[in-house]
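> Make a model of this:
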Amino acid sequence: MCNKPVDAAELTTGIPDGYQPMSRSSNFNTLCGPYFEKVEHGVHIGMGVRIEEKHMNQRDITHGGMLMALADNAMGDALARAYDYKSGLVTVSMNSDFLKPAAIGDWVEARPVVHRKGKTLAFAECPLYVNDTLIFRANGVFAVVERRD
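The predicted structure is shown next:
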């Protein structure tokens, strides 16, 4: 595994139009990313990542936990937007289907969909695509909690 630092120009090489480095992050997301987001008219509409060597498992395919982390983040962002960023959302459960592997260099795009938002629980799904090929899908249940800034 290569742990060399990546410079800013290298970070955005080959990233699809409309995507930019994610504007907010955490230590965990930095470890799993770099994540990119697609924003239109101030609204986050998608998330993606370019698969790197650090994302691979011992079988030389993208680690399933990394794909789950991307889907979890994308669903959380979509739900936060659905609640106008006024509530916090915490993952209660997530079911995942691993359909095809992703390889080094692939652009994996998350396309989250909000299904239902209630007072205490919210429901979303998130398919992941490489090009237009579905490689993964997740369904999540999230607790609606008081937002902490």
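> Taking the chain centroid, which residue in the chain is the extreme one?
Here the centre of the chain is the reference, and by C-alpha atoms, centre = their mean the most remote residue is residue 119, at 24.2 Å.
> what about the strands in this structure?
19-21, 35-40, 43-50, 87-98, 107-110, 113-117, 121-130, 133-146 (DSSP state E).
> How about residues contacting the first one?
This means strand 19-21. Outside strand 19-21, the residues within contact range by C-beta atoms under 8 Å, 6 or more residues apart in numbering are 11-12, 34-39, 46, 48. All C-beta atoms are positioned from the backbone trio N, CA, C, and that covers glycine.
> Could you do the fifth one as well?
When contacts are defined by C-beta under 8 Å, 6+ apart, strand 107-110 is touched by residues 14-16, 46-51, 62, 67, 70-71, 73-74, 102, 126-131, 135.
> can you tell me the average pLDDT over that strand?
For strand 107-110, mean pLDDT rounds to 96.
> same check, this time on the first one
Confidence over strand 19-21 (mean pLDDT, whole number) is 89.
> rewinding a little: pull up the gap between the closest residue to the residue farthest from the centre of the chain other than its chain neighbours and residue 92, please.
Spatial nearest neighbour of residue 119, excluding adjacent residues (C-beta to C-beta, 6 or more residues apart in numbering): residue 144 at 6.5 Å. Counting by C-beta to C-beta, to the nearest Å, the gap from residue 144 to residue 92 is 10 Å.
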